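# Structure for the following, please:
(chains A, B and C)
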Amino acid sequence: MYFLKRTSYRDDLRLFPDRFTLWQYLALFAGLLLLPLAADGYILSQATFVFIYGIVAVGMMLLVGYTGQISLGHAAFFAVGAYTAAVLQFRGMAFLPAFVAAGALSGLVGVIIGLPALRVKGVYLAMATLSFAFIVEEVIVRWSSVTRGNRGMTVNDPVIFGLKLSGPVHMYYLSGVVFWLVMLVVLNVLRSRTGRALSALRDSDVAAESMGINLAKFKTTAFAISAVATGLAGALYAHKLSYISPEQFGIMVSVEFLMMIIIGGLGSLHGAVFGAMFFILLPQIIVGIKNFLPAKIAELPVLESVSFGVMVILFVLFEPRGLNGYWVRLKTYVSLFPFYRQGMFKRNKIAASDLIKH
Amino acid sequence: MSLFQVKDLAVHFGGIKAVDGVSFEVEKGSIFTIIGPNGAGKTTIFNLVSRINDPTAGSIHFEGRDITRVAANQVASLGIARTFQNIELFDNANVMQNILVGCHVHVGTSLLSEILRLPSFKRHEIESRKNVEKIIDFLGLDAYRDSTVGSLPYGVRKMVELGRALAVSPKLLLLDEPSSGLNVEETDNIGSWIRDIRDVLGVTILMVEHDMRLVSAVSDRVLALNYGKLLAIGTAAQVQRDPAVISAYLGN
Amino acid sequence: MNEFLQQLVSGIAVGCVYALVALGFVLIYKATDIVNFAHGEVMMVGAFLGLTFIEILKMPYWIGLLLAIACMTVFGMLLNRFLLRPLAGQGILAVIVVTLGLSILLRAFASVIWGPETFTLQTPFYNRVVRVGEVVLSQEHVAIIVLTIVLVAALYAFFRYSRIGIAMQATSENQLAAYYVGIPVQKVHSLIWALGAATAGVAGIMLAPIAFVQVNMGYVGLKAFPAAVLGGFGSIPGAIVGGVIIGVVESMAVLYLPEGINSVAAYMLLLLVLMVRPQGLFGIQSKRRV
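Just a heads-up that it's a prediction; the model follows:
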């Protein structure tokens, strides 16, 4: 059995509660750092996408999972980040300032898109954010003097202090660094007064207000941070693909982002990462099992979207805690060994979807 | 100058006068209880004081200041905290985190200091946690500190909500039906807690309550309400003997 | 003047389609508290069924329409039984995500069964005109408006005067009370889904001549949301009025506003309503009691 010992207030504040966890993460970092030595360009490319979508997932988890604000408009932030990076690079700005601008502009759009959250919640907020996503997409198409509309824009490799980052290895490290930075920032926000205020306003906004929490301020903060993260991911995405066009940021992308964090497990940052991994790995799995499917089904181009849709429905109906639910059960089994009891988690079932009330 | 005053307070919802010209004063360091049949307007008065609703007429004064139109999230920083009739806790967090939210108004950390984990942030966090530990000690919640609130028994949840309100370090504590859902023994228990809060912590208490035993045991003054109107005001004994109050509760 | 009236009538016609989709959407929401993000795709399925009976199997228009409606009622009941009933009690996010997943699945199945191309659906009103005084109007549009009025009147009578209709209203107002008075609530839910799917199907078939039948038709049906919000969520007359208003606003936008605004006009209107008057035109704003 495993016991966590805390002997001082500082222990409560630590990021890694004990030596064991610290070493686990150090090993993980070492592995990620050395991955390019063992893996080929394709795997690194997939890992880069996991980082990029992981950033989006972490940002969304903060807003939807921890603050309880439903957003069907995150593709808008992704698009703003991508296009800002592309346009500023086209106009001659260096990568780093353009990258920061992408995040900042995205954050500003986040504050604007967050305005309905100050008036409505639940399904109305979902519709409001959905509407914004449509509007932003249309603006990108129409404002072709800046965005080249439907023709799309090419994006060159980022250049940092004279060093050109080209090829899968460079993009892998760049997105990895940004991912872990965003993760750290979000973790720190969640482990503090702001984080408690965000969860409070999700669980009972009436009680939160009676405790002095300014709902408008914190909802806006959550939208802003979430948008900044997603915008930065969008900028990385633009550089990774080297080409962006409006159809890559349609409403389905927002839907996929939301499904990603539901499958991952609402209310946990681990879940965000699992969701991103699932999102990237699913096409691989489908390619893998294609050989075992009857020819007619294997040929279908819709196989991917169908599986994603089916998976999300199955998760919501049967495992609302998502992939993170399995992870937590595994960890509990290991830490309680040999005292783990079957059905331990049945009594305390707080379904992921219960986190969001009407 | 009393700590808290309500003058001619009225709230009309459409044609219904939920609160109709109610006035009373609460002296510092006293326990003031509002009683009345269901639907009399008791919780509505609480909602007006904690600014969840706006009054149609009348005024509310606290420490000499007019707080009738103050924003709902400013009430806590003024020094007024409350509990809710149906327990509004943060069910997904543990007891420690719930009570920590009570410290929100007092210990302000900027977003930047939180992200960068500056020493000022750590200082504030530790200060908050020390305060919360004192409250956990006071209320005997030590065994439940890390438990998720959503799965705790009802009586413990009530104590946690009380602890959260105390973390605000309020000068005035609003308790909405503290004995609801509790058995006789638990009700007596909470009676002593309420007296302790007044005597040990020096907090003034404004209470809504149904249980007349509890009301008689702890109240300094009592106000009886019916159909939004004030029926009688005085000590618990006086109000209980008042003929208007008796007919309101038992019918004529 | 002619152009203005033509645009207006066209706008009202499309608005009627929105109104019918919104009507089914709000019906389902009122009774089961489920916001069906796949209602546009349900409309699409109706259109494809109409296509199958009328174009592929070459049946007469009205028979094909009726058959499609019949199939849609069954489809609605199946959806309710197997997908939505297991969701009972789970929060709003679960419902949103499952219905979004459903929309993806319906689009995928449609493209497999019928193909991803665009299909035309011939109606008896195709390319015919109606002359009202000096004005020339498309028969298609007029037919849609007339059909919608007939349908709405029928539904009104149904809810007002038939036992099932009254039972549906009761279930929508207070489910627990409906149980207590002996209303078979599960069956009523089934019927409401059948009704919601059927009206969406009719809307799809009526829309077909204007927007053509293809797997992305659902995006048109998505306009049911702004319609329902504008009318006031939970208000059936509101949904109808809201749908027509949006249809008119869109067609007027084509005429008088810069290019592209008409495709987002509905959503801009939704945002405006949510910021200024969240309860819409006829809705009631309720606050949780603490």
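
# what's next to stretch B:177-197, contact-wise?
Contacting residues not belonging to stretch B:177-197 are listed as B:31, B:43, B:83, B:85, B:138-139, B:154-155, B:158-159, B:162, B:166, B:173, B:175, B:203, B:205, B:207-211, B:213-214, B:217-218 [CB atoms under 8 Å, 6 or more residues apart in numbering or on different chains]. Quick note: C-beta positions are derived from backbone N, CA and C, even for glycine.

# Does stretch C:258-268 reach chain A?
Yes - applying CB under 8 Å from any CB of the partner chain, one finds stretch C:258-268 touching chain A at C:259, C:260, C:263, C:264, C:267, C:268.

# that older thread, please list which of the contacts of stretch B:177-197 are also close to chain A.
Near chain A, by the rule CB under 8 Å from any CB, you find none of the contacts of stretch B:177-197.

# just the buried members of those?
For the contacts of stretch B:177-197, a neighbour count by 16 or more other CB atoms under 10 Å in any protein chain shown gives the buried set as B:31, B:43, B:83, B:85, B:138-139, B:158-159, B:162, B:166, B:173, B:175, B:203, B:205, B:207-209, B:211, B:214, B:217-218.

# Narrow these to those in helices?
B:43, B:138, B:139, B:158, B:159, B:162, B:166, B:214, B:217, B:218 (DSSP state H).

# Of these, which ones also sit close to chain C?
Answer for those near chain C (CB under 8 Å from any CB): residue B:43.

# can you list the weak-confidence ranges in the chain?
Let's take chain A. By pLDDT under 70, the weakly predicted segments of chain A are A:1-3, A:295-301, A:343-358.

# my bad, chain C
In chain C (pLDDT under 70), the answer is C:285-290.

# now the strands: where do they sit in it?
Using DSSP state E, the strands of chain C run over C:129-132, C:135-138.

# Strand partners (parallel or antiparallel) of the first one?
Think strand C:129-132. strand C:135-138 (antiparallel) (DSSP bridges).

# For the partner strand, buried residues please.
For strand C:135-138, by 16+ other CB under 10 Å, it's C:137, C:138.

# Counting neighbours, what do you get for the closest residue to residue A:317 other than its chain neighbours?
Closest residue to residue A:317 apart from its sequence neighbours, by CB to CB, 6 or more residues apart in numbering or on different chains: residue C:86 at 5.4 Å. When neighbours are counted by other CB atoms under 10 Å in any protein chain shown, residue C:86 registers 15.

# I figured residue C:86 hits residue A:320, correct?
No - using CB atoms under 8 Å, residue C:86 is not in contact with residue A:320, being 11.6 Å away.

# which residue ranges form the helices in chain C?
Counting by DSSP H, the helices of chain C are C:2-32, C:39-51, C:61-79, C:92-113, C:139-161, C:163-173, C:175-180, C:185-211, C:218-221, C:224-231, C:236-256, C:261-276.

# Quick one: distance of stretch A:172-181 to the chain centre.
14 Å (CA atoms, centre = their mean, to the nearest Å).

# ok now do residue B:107, which residues does it touch?
Residue B:107 makes contact with A:193, B:124, B:125, B:127, B:128, according to CB under 8 Å, 6+ apart.

# What parts of the stretch 101-250 of chain A come near chain B?
Checking the stretch 101-250 of chain A against chain B by CB under 8 Å from any CB, the hits are A:185, A:188-189, A:192-194, A:196-197, A:199-200, A:202-204, A:206-215, A:221.

# now with 6 Å?
A:185, A:188-189, A:192-194, A:196, A:199-200, A:203-204, A:206-207, A:209-214 (CB under 6 Å from any CB of the partner chain).

# From these, which land in strands?
Of those, none are assigned to strands by DSSP E.

# how many other residues sit next to the residue of the stretch 1-150 of chain A found nearest chain C?
The minimum distance from the stretch 1-150 of chain A to chain C, using CB to the nearest CB, falls at residue A:131 (3.5 Å). A total of 27 residues lie near residue A:131 under the criterion other CB under 10 Å.

# Show me what counts as buried in stretch B:105-120.
B:105, B:106, B:107, B:109, B:111, B:113, B:114, B:115, B:117.

# Put together a markdown table for these, with pLDDT and secondary structure on each row.
Output for these, formatted as a markdown table (pLDDT from 0 to 100; DSSP: H, G, I helix; E, B strand; the rest coil):
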| residue | pLDDT | secondary structure |
| --- | --- | --- |
| B:105 | 92 | helix |
| B:106 | 89 | coil |
| B:107 | 86 | coil |
| B:109 | 88 | coil |
| B:111 | 91 | helix |
| B:113 | 91 | helix |
| B:114 | 91 | helix |
| B:115 | 92 | helix |
| B:117 | 91 | coil |
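
# Most widely separated two among these?
B:105 and B:117 (22.2 Å; CB to CB).

# residue contacts, the residue of the stretch 1-150 of chain A closest to chain C?
C:267, C:270, C:271 (CB atoms under 6 Å, 6 or more residues apart in numbering or on different chains).

# list the buried ones in the top helix by length along chain A?
Secondary structure of chain A read by DSSP H shows that its longest helix is helix A:215-241. Within helix A:215-241, the residues that count as buried by 16+ other CB under 10 Å are A:215, A:218-240.

# and these near chain C, which?
Within those, nothing lies near chain C by CB under 6 Å from any CB.

# Okay, now the unreliable bits of the stretch 1-150 of chain B?
B:1.

# Could you pick out the residues of it near chain A for me?
Residues of the stretch 1-150 of chain B found near chain A (CB under 6 Å from any CB) are B:50, B:72-73, B:76-77, B:82, B:88, B:90-93, B:97, B:100-102, B:104-105, B:109, B:111, B:114-115, B:125-126, B:129.

# ditto for the stretch 151-290 of chain C
Within the stretch 151-290 of chain C, the positions adjacent to chain A are C:225, C:260, C:264, C:267, C:270, C:271, C:274, C:275, C:278, C:290 by CB under 6 Å from any CB.

# Including neighbour count, could the residues you listed go into a markdown table?
Output for those, formatted as a markdown table (neighbours: other CB atoms under 10 Å in any protein chain shown):
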| residue | neighbour count |
| --- | --- |
| C:225 | 29 |
| C:260 | 14 |
| C:264 | 22 |
| C:267 | 23 |
| C:270 | 29 |
| C:271 | 21 |
| C:274 | 23 |
| C:275 | 14 |
| C:278 | 17 |
| C:290 | 19 |
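
# With distance to residue A:10 as new columns, can these be given to me in TSV?
Below are those laid out as TSV (distance: CB to CB, whole Å):
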residue	distance to residue A:10
C:225	50
C:260	57
C:264	52
C:267	50
C:270	50
C:271	47
C:274	46
C:275	45
C:278	46
C:290	38
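
# which one of these is nearest chain B?
residue C:290 (5.5 Å).

# quick one on the thing from earlier: identify the residue nearest the residue of the stretch 1-150 of chain A closest to chain C in space, chain neighbours excluded?
Nearest to residue A:131 is residue C:267, by CB to CB, 6+ apart, at 3.5 Å.

# State whether residue B:33 is indeed within a strand.
Yes - assessed with DSSP: H, G, I helix; E, B strand; the rest coil, residue B:33 lies in a strand.

# mind listing what residue 137 touches?
With no chain named, the answer covers chain A. residue A:246.

# hmm, I had chain C in mind actually
Applying CB under 6 Å, 6+ apart, the residues near residue C:137 are C:9, C:130.

# beta partners of it?
With DSSP bridges as the rule, residue C:137 is bridged to residue C:130.

# Quick check: phi and psi at residue A:107.
In terms of degrees, to the nearest 10, the main-chain angles of residue A:107 are phi -60, psi -40.

# What is the burial count for it?
Residue A:107 has 22 neighbouring residues, counting by other CB under 10 Å.

# Helices - which of the contacts of residue B:107 land there?
A:193, B:124, B:125, B:127, B:128.

# Can you add distance to residue B:11 and neighbour count and give those back as JSON lines?
Listed next are the ones in helices among the contacts of residue B:107 as JSON lines, based on distance: CB to CB, whole Å; neighbours: other CB atoms under 10 Å in any protein chain shown:
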{"residue": "A:193", "distance to residue B:11": "34", "neighbour count": "24"}
{"residue": "B:124", "distance to residue B:11": "38", "neighbour count": "21"}
{"residue": "B:125", "distance to residue B:11": "40", "neighbour count": "23"}
{"residue": "B:127", "distance to residue B:11": "39", "neighbour count": "14"}
{"residue": "B:128", "distance to residue B:11": "36", "neighbour count": "23"}
